[in-house]
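K.L.:
Test case, fold it:
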Amino acid sequence: MDTTSYDVAVVGGGHAACEAALAAARMGAKTILFTINLDHIAQMSCNPAIGGIAKGHVVREIDAMGGAMGSVTDAATLQFRMLNMAKGPAVWSPRAQCDKYCYHQCMKRVLELQENLTIRNATVMNFLLEDGKITGVEAFPGGAVHTKAVVVATGTFLNGKMHYGLKNMSGGRSGDPASIELAEALRHQLGLKVGRLKTGTPPRILGSSIDFSKMGIQNTDVMEEHFSYFPPLENGFKVQERHFPCRTVYTTEETAKVVQENLHQAPMYSGIIEGIGTRYCPSFEDKVVRFAHHPKHLLYIEPEGENTDEFYINGISTSLPPDVQIKMLRTIPGLENVQIARFAYAIEYDFVHPEEIHRGLGVKRYPGLFLVGQINGTSGYEEAAGQGLVAGMNAARFAAGKDHVEIGRDEAYIGVMIDDLVTKEIVEPYRLFTSRAEYRLNLRQDNADLRLSKKAYEWGVLPEEKYRMIQEYSDLCDKTELLAKSIKKSGYSLYDALRDRHGDLDFKSNPVDYQALELDENNAMHRRVMRQLVIRSHYAGYLRQEGRAVEKLHSLESWKIPESFDYAVVTGLRNESRQKLEKTRPTTLAQAGRIDGVTSYELGLLQVFLSRDLQKKERGT
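P.N.:
This is a model prediction of the structure:
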């Protein structure tokens, strides 16, 4: 077998790279994944948790399209919770605290067993170019590898610099070297527009030094829920019923005082860090400064694994010096004698401005080159993995001579995220929220398989066996819904009577009539059908309204804007709008309308000129 020629090369070993490599290989592309350290595949560098608000939706979408994150999470789960249950079902979000070592081992095994996929411990230094086209990569060790498509998923490794107070060192994360040569290649060899971002991590502490009696307790939700829609993995990693509690505790005024007294030692405040951090996940220094009116802040003490005594402190990311970190933590109830196993640090790294890519995640100037994850300015394992699946799929399509595919804002949170990235100006690490989705009543975590499986199967990224499982469930849902609407009781249909029972997933306090709907309460699929019907009934009227809005979106999405369209000929466009349109190069009128500053009047002008171009083509002139 030729080991120097592949269809797709994936650069990186994080969550984006894993899903990209698996997606390309599932589609039949001969794929190779390069990573600096095979022992750190799918490393949970920050919180060992998957899911959360909107992020849980993305994991379900990845699973619905054949990806691995959901099933690997189920194999590694220490605690599972459904967040936002006090609100409507559209924003319920699954979250799992994971065993970080189990997660890594399981994902590595999935990659090793995937047909058409080779994984290699090597560092990619630069790109092979012929006539301005990407033809492969140069790796060390190993040398040149020729490919038809390349997916770059480098996380925080590009020119990565870790900060511990006023001292810093080169590194992609603690324990791994930074990727210096590849960062230079993107900036100089390819000439892409590169910027600088920053993120951070909290300290890890030893459980033996924690007094848990002074803390609150947060137990797992007892419910019939996992992340994956499919049976457990068949590679030795089985879903286990682990119920590890997390703890809650508040910082004190003394904690804030320690921070205030040492701000001069924080690199963000001393000017050492150039990168921009996210306001939605600020460092603890930022919290103390920006929210000085809050005397205390909530922290979560979360286990890192079943066979380790390390705990993660969720909510206290910091770049203060190690001695200040110890002093700060020991002002918190239960941590008076705490021992730090791993000190917190901030990390800044290069990213490529996402105006360089289109909605298929390919680089506009270099067909066949795809960028995913933090290199595009996002934050979070889930956002990275969602992009990875799309890029891997499109890289395989490119290698096969096919056009790329795009996921719409009305189809998935993954589509919302990618559209935001390439349409909006990224000035800080992007984080996904349910509020970013205009059509979130339909983009629920409970129906991702129903929304996405058909397209994923047609694209070739979802295996037929999994597609048939979803179709069986979908058909039963539709059949049972029709039956529920036909059964009348006291002037209402049984379907309407289900409307207000959505808050009780197991219907223990408000039983439902399984027998009338020809369902078996002891059958797991039937119980899930019932839950789906309850949610559908709850949102029925609202979904009809949302459907009309989606139709309007589709009408604008159908207006395609050619890549070579000349905005200079559109008279009446303001200079600011013209510049933004030329920079973003939207592919449809709908995307053009989402660019900040482009007015509805200017959208109408574009439509007129596109109509003229279309008429000229039809006349053959």
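K.L.:
Excluding residues flanking it in the chain, which one is nearest Lys454?
P.N.:
Leaving aside its chain neighbours, Lys454 sits nearest to Tyr467 (7.8 Å; criterion: Cβ to Cβ, 6 or more residues apart in numbering). The way it works is simple: take the backbone N, C-alpha and C, and place the C-beta from them, glycine included.
K.L.:
before we move on, which element is the one you found in?
P.N.:
Using DSSP states H and E, Tyr467 sits within helix 464-486.
K.L.:
Let me know the average pLDDT across that helix.
P.N.:
Mean pLDDT, computed over helix 464-486, is 96.
K.L.:
which residues touch the following helix or strand past it?
P.N.:
Next along the chain after helix 464-486, taking DSSP H and E as the criterion, comes strand 488-489. Here strand 488-489 makes contact (Cβ atoms under 8 Å, 6 or more residues apart in numbering) with 494, 497.
K.L.:
How far off centre is strand 488-489?
P.N.:
44 Å (Cα atoms, centre = their mean, to the nearest Å).
K.L.:
what do you get for stretch 294-306?
P.N.:
With Cα atoms, centre = their mean, you get 22 Å for stretch 294-306.
K.L.:
and that stretch, C-alpha only, in CSV?
P.N.:
Output of stretch 294-306 as CSV, limited to C-alpha atoms (Å, rounded to 0.1, in the frame of the first residue of the first chain):
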residue,chain,number,x,y,z
HIS,A,294,-20.6,40.8,43.1
PRO,A,295,-19.1,39.7,46.5
LYS,A,296,-18.9,36.1,45.5
HIS,A,297,-18.9,33.8,42.4
LEU,A,298,-20.2,30.2,42.0
LEU,A,299,-17.6,27.5,41.4
TYR,A,300,-18.1,23.8,40.5
ILE,A,301,-15.7,21.2,41.7
GLU,A,302,-15.7,18.4,39.1
PRO,A,303,-14.0,15.0,39.0
GLU,A,304,-11.4,14.5,36.2
GLY,A,305,-11.8,10.7,36.2
GLU,A,306,-12.7,7.5,38.0
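K.L.:
Return the set of buried residues in that stretch.
P.N.:
Applying a neighbour-count criterion of 16 or more other Cβ atoms under 10 Å, one finds 297, 299-305 buried in stretch 294-306.
K.L.:
Also stretch 108-122?
P.N.:
108-111, 114, 116-119, 122.
K.L.:
repeat for stretch 560-575
P.N.:
561, 565, 567, 570, 573.
K.L.:
Identify, from those, the entry nearest to Ala24.
P.N.:
Within those, proximity to Ala24 (Cβ to Cβ) peaks at Ile561, which comes in at 28.2 Å.
K.L.:
dump the residue contacts of that closest one.
P.N.:
585-589, 592, 606, 610.
K.L.:
Where helices are concerned, which of these count?
P.N.:
589, 592, 606, 610 (DSSP state H).
K.L.:
I'd like to know how many residues surround the nearest residue to the first one once chain neighbours are set aside.
P.N.:
With sequence-adjacent residues excluded and distances taken as Cβ to Cβ, 6+ apart, Leu589 is closest to Trp559, at 3.9 Å. When neighbours are defined as other Cβ atoms under 10 Å, Trp559 has 18 of them.
K.L.:
Now the residue nearest to Gly362 when sequence neighbours are not counted. Its backbone dihedrals?
P.N.:
Of all residues not flanking Gly362 in the chain, Phe370 sits nearest, at 5.2 Å (Cβ to Cβ, 6+ apart). Main-chain torsions, Phe370, degrees, to the nearest 10: phi -120, psi 140.
K.L.:
Quick check: Phe370 touching Val150?
P.N.:
Yes. With contacts counted by Cβ atoms under 8 Å, Phe370 reaches Val150, the gap being 7.0 Å.
K.L.:
of these two, who's got more company?
P.N.:
More crowded of Phe370 and Val150, by other Cβ under 10 Å: Phe370, with 32 against 27.
K.L.:
In contact with that one, which residues?
P.N.:
By Cβ under 8 Å, 6+ apart, the residues touching Phe370 are 20, 149-152, 357, 360-363, 391, 394-395.
K.L.:
Report the separation between it and Gln387.
P.N.:
Distance, Phe370 to Gln387, by Cβ to Cβ, to the nearest Å: 9 Å.
K.L.:
intersection of neighbour lists for those two?
P.N.:
Joint contacts of Phe370 and Gln387 (Cβ under 8 Å, 6+ apart) are Leu361.
K.L.:
re earlier: between Phe370 and Val150, which contacts overlap?
P.N.:
Going by Cβ under 8 Å, 6+ apart, residues that sit against Phe370 and also against Val150 are Ala395.
K.L.:
that older thread, can I get the helix holding Tyr467 as PDB, trimmed to CA atoms?
P.N.:
Output of helix 464-486 as PDB, limited to C-alpha atoms (Å, rounded to 0.1, in the frame of the first residue of the first chain):
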ATOM      1  CA  GLU A 464     -26.900   2.700   6.200                       C
ATOM      2  CA  GLU A 465     -27.300   0.600   9.400                       C
ATOM      3  CA  LYS A 466     -27.600   3.700  11.500                       C
ATOM      4  CA  TYR A 467     -29.900   5.400   9.000                       C
ATOM      5  CA  ARG A 468     -32.300   2.500   9.100                       C
ATOM      6  CA  MET A 469     -32.500   2.600  12.900                       C
ATOM      7  CA  ILE A 470     -33.500   6.300  12.700                       C
ATOM      8  CA  GLN A 471     -36.000   5.600  10.000                       C
ATOM      9  CA  GLU A 472     -37.700   3.000  12.100                       C
ATOM     10  CA  TYR A 473     -38.000   5.400  15.000                       C
ATOM     11  CA  SER A 474     -39.100   8.300  12.700                       C
ATOM     12  CA  ASP A 475     -41.800   6.100  11.000                       C
ATOM     13  CA  LEU A 476     -43.100   5.100  14.400                       C
ATOM     14  CA  CYS A 477     -43.200   8.700  15.600                       C
ATOM     15  CA  ASP A 478     -45.300   9.800  12.600                       C
ATOM     16  CA  LYS A 479     -47.600   6.800  12.800                       C
ATOM     17  CA  THR A 480     -48.200   7.300  16.500                       C
ATOM     18  CA  GLU A 481     -48.800  11.100  16.100                       C
ATOM     19  CA  LEU A 482     -51.600  10.400  13.500                       C
ATOM     20  CA  LEU A 483     -53.200   7.900  15.900                       C
ATOM     21  CA  ALA A 484     -53.000  10.400  18.800                       C
ATOM     22  CA  LYS A 485     -54.700  13.000  16.700                       C
ATOM     23  CA  SER A 486     -57.500  10.600  15.800                       C
END
